[in-house]
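[1] Everything below, folded, please.
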Amino acid sequence: MKRIFRHETWILIAALIAFFTNLGATRLWDEDESFFAATAAEMHQRGEWTVPYFNGELFSHKPPFMYWMMLVGYELFGDSEFAVRFWSAIFGTATALLTYYLGRRLFNAEVGLWAGLAMTSSLMFDVVARAATADSFLVFFSALSLYAFVVGSQQRNPAVWSGDDPETPSDGPHPLLPSTWWTFAAMYAVMGLAVLVKGPIGVLLPTATIGLFLLCTSPGKPLSESSSWISKLGAALAIFHPRLFFKTIWQMKPLTAIAMVTLVAGPWFLAVSMQTGGTFVLEFLGIHNFGRFMNSMDGHSGPIFYYLPVIMIGFFPWSIFALQTLRDTAQRIGSRDHWRIPCLFLACWASVFIGFFSLASTKLPNYTLTAYPALALLTAVFLHRWIHQTATVPVGWIRSALGTFTAVGVLLVVVCPVLGLWRVEGVPLLTTVGVSTAVSEQLPLAGLILGIGPLVGGIAAMMLAKRGRPQQAVASIAMASVVFVTCVLAVVAVRADRHQTSAEIADTIKFLDRQGEVPVAQYKYFRPSLIYYTRRPVAPCKTPKDIRDFFASSEHAVMITTAKKHESIKELLPADVVILEQRPQFPKQGTVLLLGKQPQRLAGRNRPTY
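    This is a model prediction of the structure:
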């Protein structure tokens, strides 16, 4: 118990540092964070817990669980960025601990520890654990449903999970099915919560993972005994034989799945359908689920291999062991290794979630985060081999991984200052390609801050590995990883946040409110954070008539646009509409303008200088 407590403590410390340091110190980042936080804020203003609204209109992008957590955050901590991010960080911490418990159950406590630390210090997971989005909740509930399956399956047949071949006749129940109906019920109930987080994928992908795993472990001739690649291919295709496929589906109790998901998620879907005349459900399922899978939306597209480089970056620093982990996993699955079945389960988990989103037309870096617990555990299994069976791991594997980590530190320390200081005809290099001058100015110091962790940690790990101390080398990587992600998201991000504009523009609008409610519009400069910080609808102006009608509606009306767009509409504006305020655009180069009448209304206002 002391060992378990010590492991839990290390993971909690890493999570507290990585997820909670300066959690509320930055304003909301466009676009997803601001979309969802503004929706929760509007629901809070309305006293609404059923129908999501954004900018005064129905917002059908996501189900309510994320908004409910933000509303609870408002009640606990008041109206703040910390409030809308708090529960994401809590669920991120819970996911890291859950990964540890799953590692203990599938392998041993040490594997669980390295996997839990990898979850607290992988770049993309840290981003969502500190963000007002749905991803942290989805990863947790997806992992929890698969954890429930493992618990139930091991209770029924622990020997198979230890590497023994199934002995059940092919016409009997699958030996790795959970032992009781209550396990199925609990598993599908958790999937119902995942549906309340992000929709049908909350049940579709975990069940697909379990189904593929059951098909791959169906009693019969193991794939590893097939001699030729043709035989192996035939054996692989045989698991999708219609009879076996539908038999496996039926053994997974689909009626129980439907009943439990309906029981958990159904009441809200029914309530929102009744209040919106079915519009929410039709838009949510038709546009934001089926539509996103079939068609690229909002310019978020990519090739089928899109997630390979994305995961290499998003799972960094632990992705430095990716090739070694892939080879180690393949060797274990294809041999008589006693961890063969757990590794196969994790491989099915990662393959289903990554494969599904690779086939989808709309692609975003955060979509495959639900595979990260599986990737963390497989990486930890390789690290365990390196620590305890050092002679079986080629030295070149370790040198390449640790060298990559160190090289990233060197690049950050050297390249970032060069890019920031390099000038072309007196103009910063990045500014010539449209990047804000503020970014160039921040790069030299940012590179030094970000590079110190990988550089020092990588050198220390290489020295320890050379001296035959792999466990201390992995610990060095873990500590450096926590330092790295914390520097990215809690130090450099805070410095970059100084250049965001929406909150400052909103403060000016609130100052103008002293003379009456100020109507706000935007012309080709839409930022969800404007809605969050102004706490009012921001009307879109798309035509000359929209612009004239808007300014005719009130003497206090103001419009947000950019200097570039202002030039194109200058002749359309009423003669008394002037620039009330201007601020540098970020991160792109340009200037954001606040247009309105009666500039004397800002007299006496203390404005920060830039």
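[2] residues contacting the closest residue to residue 123 other than its chain neighbours?
    Using CB to CB, 6 or more residues apart in numbering and skipping the chain neighbours, the partner closest in space to residue 123 is residue 316 (5.1 Å). Where you see a C-beta, it was placed from the backbone N, CA and C, and this is true even at glycine. Shown in contact with residue 316 (CB atoms under 8 Å, 6 or more residues apart in numbering): 122, 123, 408.
[3] Residue 36 too?
    62, 66, 67, 70, 84, 132, 133, 134.
[4] quick one, strands of the protein?
    Under the criterion DSSP state E, strands of the chain are mapped to 53-54, 57-58, 423-424, 427-428, 520-522, 538-540, 558-562, 578-584, 591-596.
[5] Now do the buried residues in stretch 481-500.
    Buried residues in stretch 481-500, counted by 16 or more other CB atoms under 10 Å: 481-493, 496-497, 499-500.
[6] end-to-end on it?
    The first and last residues of stretch 481-500 sit 27 Å apart, counting by CA to CA, to the nearest Å.
[7] And the contacts of that stretch?
    Taking CB under 8 Å, 6+ apart as the rule, stretch 481-500 contacts 14, 17-18, 21-23, 25-27, 29, 117-118, 120-123, 126-127, 130, 317-318, 436, 438-439, 442, 445-446, 449-450, 452-454, 457, 529, 584, 586-587.
[8] In ChimeraX, how would I select the buried members of these?
    Applied in ChimeraX, the following selects the buried portion of those according to 16+ other CB under 10 Å:
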select :14,17,18,21,23,26,27,29,117,118,120,121,122,123,126,127,130,317,318,436,438,439,442,446,449,450,452,453,454,457,529,586
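[9] Show me the shaky parts of the stretch 451-600 of the chain.
    Residue ranges of the stretch 451-600 of the chain with pLDDT under 70: 515-516, 600.
[10] these two touch, right, residue 340 and residue 333?
    Yes: counting by CB atoms under 8 Å, residue 340 does reach residue 333; the two are 5.7 Å apart.
[11] Output the lowest mean pLDDT helix or strand found in this structure.
    Here the helix or strand of the chain ranked lowest by mean pLDDT, DSSP states H and E is helix 229-238, holding a mean of 51.
[12] any idea how this structure splits into domains?
    What automatic domain parsing lists as the domains of the chain is 2-393, 396-497, 502-602.
[13] can you give me the end-to-end distance of the second one?
    So the one you mean is domain 396-497. Span of domain 396-497 from end to end, CA to CA: 41 Å.
[14] how close does residue 506 get to residue 518?
    11 Å (CB to CB, to the nearest Å).
[15] Next: residue 368.
    Separation of residue 368 from residue 518 (CB to CB): 43 Å.
[16] Can you pick out the residue with more neighbours from these two?
    residue 368 (24 against 20; other CB atoms under 10 Å).
[17] ok, now which ones touch that one?
    Residue 368 neighbours (CB under 8 Å, 6+ apart): 307, 310, 311, 314, 353, 354, 357.
[18] count of residues packed around residue 575?
    6.
[19] So that it lines up with my notes, have the first residue be 117 from now on.
    Taking 117 as the first residue, the last one we looked at is residue 691.
[20] which phi and psi does it have?
    The phi and psi values for residue 691, taken as degrees, to the nearest 10, are phi -60, psi -30.
[21] Quick one: the contacts of residue 152 as a markdown table, columns for neighbour count, distance to residue 320 and pLDDT too.
    As requested, the contacts of residue 152 are exported to a markdown table (neighbours: other CB atoms under 10 Å; distance: CB to CB, whole Å; pLDDT from 0 to 100):
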| residue | neighbour count | distance to residue 320 | pLDDT |
| --- | --- | --- | --- |
| 178 | 22 | 16 | 90 |
| 182 | 27 | 19 | 96 |
| 183 | 27 | 22 | 95 |
| 186 | 24 | 25 | 96 |
| 200 | 31 | 28 | 96 |
| 248 | 30 | 25 | 94 |
| 249 | 22 | 20 | 94 |
| 250 | 25 | 16 | 94 |
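[22] All set now, cheers.
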